[in-house]
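>>> Test case, fold it:
(2 chains)
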Amino acid sequence: MSEKKTIIEVKDLKKEFDLGEVKVHALRGINLQIKEGEFVAIMGTSGSGKSTMLNILGCLDRPTSGEYIIDGVPINDLTKNELAGLRNTKLGFVFQSYNLLSRTTALENVELPLYYNSKIKAKERKEKAIAALEAVGLADRMHHTPNQLSGGQQQRVAIARSLVNDPVVILADEATGNLDTRTSYEIMSLFQKLNEEGKTIVFVTHEPDIARFTSRQVIFRDGHVISKELVKDRLSAAKMLAELPVEEDY
Amino acid sequence: MNYLNTFKIALTAIRRNKLRAFLTMLGIIIGVASVIAMLAMGEGSKSYIKNQMSGLGTNLVMIMPGAEAHGPVRSSGTSKLEMSDLEAIARNQYVAAISPLVQSSAQVVYGNNNWSTSIYGVTQEYLPIKNLVIGSGRVFTVKELHALEKVCIIGQKVATELFPQGEDPLGKTIRVKNTPFKVIGILQDKGTASMGQDQNDVIIAPYTTVQRRLLSIDYIQGINLSVTDDKDSEAAVAEIKQILRREHKIKEGDDDDFNIMSQSEMISTVSTVIDAIKYLLGAIAGISLLVGGIGIMNIMLVSVTERTREIGLRMSVGGRGNDILLQFLIEAAVLSVLGGIIGIIIGYLLATFAGNMLGVEALVRPYSVVLSFSVCVGIGLFFGWYPARKAANLNPIDAIRYE
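Below you'll find the model as predicted:
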């Protein structure tokens, strides 16, 4: 097996929040490497630092000290605007509450990131958005607004939005948190499919059974990484979905 | 930064909430419309009054005896104007036509009809000075003037009041203060009343006749003259003043014992007053424009809070602070520009409508359109700035998870 490219490289990363009288050490020296094509679950209880980690990985926040290199770019010296550019071209976000623009069609929602990339023309923008919607199986719903879509469909639109700029890594924050079991499995099977196609995914969750769909689990506790083991008995979401008892109509 | 894209984003955001956009614009619409309407009405009344006043005569200058009132004591008792004054003035180069004026209110009777009006004793030159035209009949002759003939020219109003059956007044004899006068001419209709006095409600007769036969005086009560050129009226007034002071032997430093008013001076006085009123009304309307601007700021602030998550999302997918700032600024600007345009149209319609109701032509001047439009764009940007800054300075981490 050939050596895969390192997408995310974190070295001795620390983050402190200064709340006046007390200093909160959210991250106390994290070392982490994520290679291309990995599907990493970041786990931990609330307060473990996993959200802070995600913010930093997502270039929404800067570390207090330590290094973070994404796709070969060290972010420490970048300006706010350069960070925004990085988010625009290298990252895709999926949120727990979908964060779609209301009264805006699925297509326009997916197009959104490309509006902030001046290199992409209107025609190309639309083509890419349609392609992304096709990839999540929602091409037939592209002119629907979020309130005409189910929760699972809305999350799939959000995933299409995270794909549209062809990011080096997709960051998902509790992406199944608002969904029922069946829909969660659907979303996870979509993530697994994208991962098989070569997408690198970082998936923050606190649900162990969801984490079992990923290829590696990184567990946070009190600002430290306490484990970053490969998942041994990785499950296939598509298979689980097929095994779920068929819901009956009453 | 891609301005076109940001512009599109802003327009989409407005389109997504049309009712709110309209309500936001309403303040600006009302503000601009009232500014436009007020200024148009002011301009309209100004030009209406100017027209009316120029209808009073051609480059008219009026001279009356008596000093201008300074304080409560009027020292005009003894001052009079004489024909010699008039002759002295008439020699001046600026004078195109000149006429003495004696005047009396008079009860006029013809048959069973009687009417209360004013009789003016003048010379033939009075008619061109006052822009009066003979409709039928003729003006009195110099001979008739010197002979103190009892002839008169009557206005349309007097004609209809005394001859309601539509008889031809020409050649008829009417009694003015019990003195019989023969009607030799009828004035053309001067149109509606202006400045409180119906110009059709007059009788014009030789001043000699009115002086001696009606009033029993040998002085004159005023002099009306017209200046050759409107531009010279100021110089003419100054020269006439000198002539009269000389004639009346007024010492240096003493007050004039007469009063000169020129038409152009009156027009400019009235214009100044109307301008003041116009700008006052405009300023009051401007306050509503300001309130409209604050309305925009209000809604934009609410909108920023309401759309915190949207802003967070935009930032997380690569929107920079400046993109967000520009988006909200453009939204505010588009709202105020659109409101401004609608306001201008409504203001124009309003002014036209009110103008029709009041019988004054409303004049929407380009300057008022440019002024109110640029003010409202300025207001939009000014009041849009603060909310836009607020949006741009949001922390994306907090914004994206804002509940």
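>>> ok, now which ones touch whichever residue of chain B sits closest to chain A?
Chain B approaches chain A most closely through B:Gly318 (2.3 Å), counting by C-beta to the nearest C-beta. Every C-beta, even on glycine, is put in place using the N, C-alpha and C of the backbone. B:Gly318 sits next to A:84-85, A:87-89, A:113, A:116-117, A:165 when contact means C-beta atoms under 8 Å, 6 or more residues apart in numbering or on different chains.
>>> For residue 58, the count of nearby residues, please.
Answering for chain A, as no chain was given. Neighbours of A:Gly58 under the rule other C-beta atoms under 10 Å in any protein chain shown: 23.
>>> was after chain B, sorry
Counted with other C-beta under 10 Å, B:Thr58 comes out at 17.
>>> Does it belong to a helix, a strand or coil?
coil (DSSP: H, G, I helix; E, B strand; the rest coil).
>>> repeat for A:Phe203
strand.
>>> Now it. Nearest residue, chain neighbours left out?
Closest residue in space to A:Phe203, ignoring its immediate chain neighbours: A:Ala172 at 4.6 Å, by C-beta to C-beta, 6 or more residues apart in numbering or on different chains.
>>> does the one you found have beta-bridge partners, and which?
With DSSP bridges as the criterion, A:Ala172 is bridged to A:Val94, A:Phe203.
>>> Could I get the contacting residues of it?
A:93-94, A:162, A:191, A:201-204.
>>> let's see 10 Å
A:41-42, A:54, A:92-96, A:155, A:158-159, A:162, A:187, A:191, A:201-205 (C-beta atoms under 10 Å, 6 or more residues apart in numbering or on different chains).
>>> Narrow these to just the buried residues.
A:41-42, A:54, A:92-96, A:155, A:158-159, A:162, A:187, A:191, A:201-205 (16 or more other C-beta atoms under 10 Å in any protein chain shown).
>>> Chain A: strands as residue ranges?
A:6-19, A:22-35, A:39-43, A:65-70, A:73-74, A:91-94, A:169-173, A:201-204, A:216-221, A:224-230 (DSSP state E).
>>> for the stretch 51-200 of chain B, same thing?
Taking DSSP state E, counting those that start in this stretch to define them, one finds strands in the stretch 51-200 of chain B at B:60-65, B:95-110, B:113-122, B:134-137, B:151-154, B:173-176, B:179-187.
>>> any chance of these in JSON lines, with mean pLDDT too?
As requested, the strands of the stretch 51-200 of chain B are exported to JSON lines (pLDDT from 0 to 100):
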{"stretch": "strand B:60-65", "mean pLDDT": "88"}
{"stretch": "strand B:95-110", "mean pLDDT": "92"}
{"stretch": "strand B:113-122", "mean pLDDT": "92"}
{"stretch": "strand B:134-137", "mean pLDDT": "91"}
{"stretch": "strand B:151-154", "mean pLDDT": "94"}
{"stretch": "strand B:173-176", "mean pLDDT": "93"}
{"stretch": "strand B:179-187", "mean pLDDT": "93"}
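>>> which of these sits most buried?
strand B:151-154 (a mean of 28; mean count of other C-beta atoms under 10 Å in any protein chain shown).
>>> And that one, what does it pack against?
Contacts defined by 3 or more C-beta pairs under 10 Å, 6 or more residues apart in numbering or on different chains; DSSP states H and E place strand B:151-154 against strand B:95-110, strand B:113-122, strand B:134-137, helix B:156-162, strand B:173-176, strand B:179-187, strand B:202-206.
>>> Give me the buried positions along stretch A:137-150.
Applying 16+ other C-beta under 10 Å to stretch A:137-150 flags A:138, A:141-142, A:144-146, A:149 as buried.
>>> tell me, which of those residues make contact with chain B?
A:Thr145 (C-beta under 10 Å from any C-beta of the partner chain).
>>> what residues are up against the residue in chain A that chain B sits nearest to?
Sorted by distance to chain B under C-beta to the nearest C-beta, the residues of chain A start with A:Asn88, at 2.3 Å. Residues in contact with A:Asn88 (C-beta under 10 Å, 6+ apart) are A:59, A:113-117, A:165, A:167, B:316-320.
>>> do the same with B:Lys231
Per C-beta under 10 Å, 6+ apart, neighbours of B:Lys231: B:59, B:264.
>>> Now do the helix or strand B:Ala40 falls within: which elements does it pack against?
Secondary structure assignment for B:Ala40, by DSSP states H and E: helix B:18-54. If contacts are counted by 3+ C-beta pairs under 10 Å, 6+ apart, helix B:18-54 sits against helix B:3-15, helix B:263-306, helix B:321-358, helix B:366-392.
>>> Against B:Ser47, how distant is the closest residue in space to A:Asn81 that isn't next to it in sequence?
Leaving aside its sequence neighbours, A:Asn81 sits nearest to B:Arg320 (C-beta to C-beta, 6+ apart; 4.8 Å). Between B:Arg320 and B:Ser47 the computed distance is 54 Å (C-beta to C-beta, to the nearest Å).
>>> Please identify which of those two sits among more neighbours.
B:Arg320 (22 against 16).
>>> And for B:Leu363, the neighbour number?
By other C-beta under 10 Å, neighbour count at B:Leu363 equals 18.
>>> Quick check: phi and psi at it.
Note on B:Leu363: its backbone torsions stand at phi -110, psi 110 [degrees, to the nearest 10].
>>> and the residue nearest to it when sequence neighbours are not counted, what is it in contact with?
Leaving aside its chain neighbours, B:Leu363 sits nearest to B:Glu43 (4.0 Å; criterion: C-beta to C-beta, 6+ apart). For B:Glu43, the contacting residues are B:274-275, B:278, B:351, B:360-365, B:367-368, by C-beta under 10 Å, 6+ apart.
>>> do the same with B:Leu280
B:38, B:42.
>>> Same question for A:Pro167.
By C-beta under 10 Å, 6+ apart, the neighbours of A:Pro167 are A:7, A:71, A:87-93, A:113, A:199-200.
>>> which among these end up buried?
A:7, A:71, A:87-93, A:113, A:199-200.
>>> Would you mind giving the secondary structure of the residue of chain B closest to chain A?
Per three-state DSSP, B:Gly318 ends up coil.
>>> thinking A:Leu32 is in contact with A:Leu57, fair?
Yes: with contact defined as C-beta atoms under 10 Å, A:Leu32 counts as touching A:Leu57 (8.9 Å).
>>> Those two: which has the busier surroundings?
A side-by-side neighbour count of A:Leu32 and A:Leu57, using other C-beta under 10 Å, places A:Leu57 first with 23 against 18.
>>> Could I get the full set of helices for chain A?
A:50-57, A:80-90, A:106-115, A:122-135, A:151-163, A:181-196, A:208-211, A:237-243 (DSSP state H).
>>> Ignoring the adjacent residues along the chain, who's closest to the most centrally placed residue in chain B?
In chain B, the centroid-proximal residue (C-alpha atoms, centre = their mean) is B:Lys46; its distance is 1.7 Å. In space, and not counting its chain neighbours, B:Lys46 is closest to B:Ile274: 4.5 Å by C-beta to C-beta, 6+ apart.
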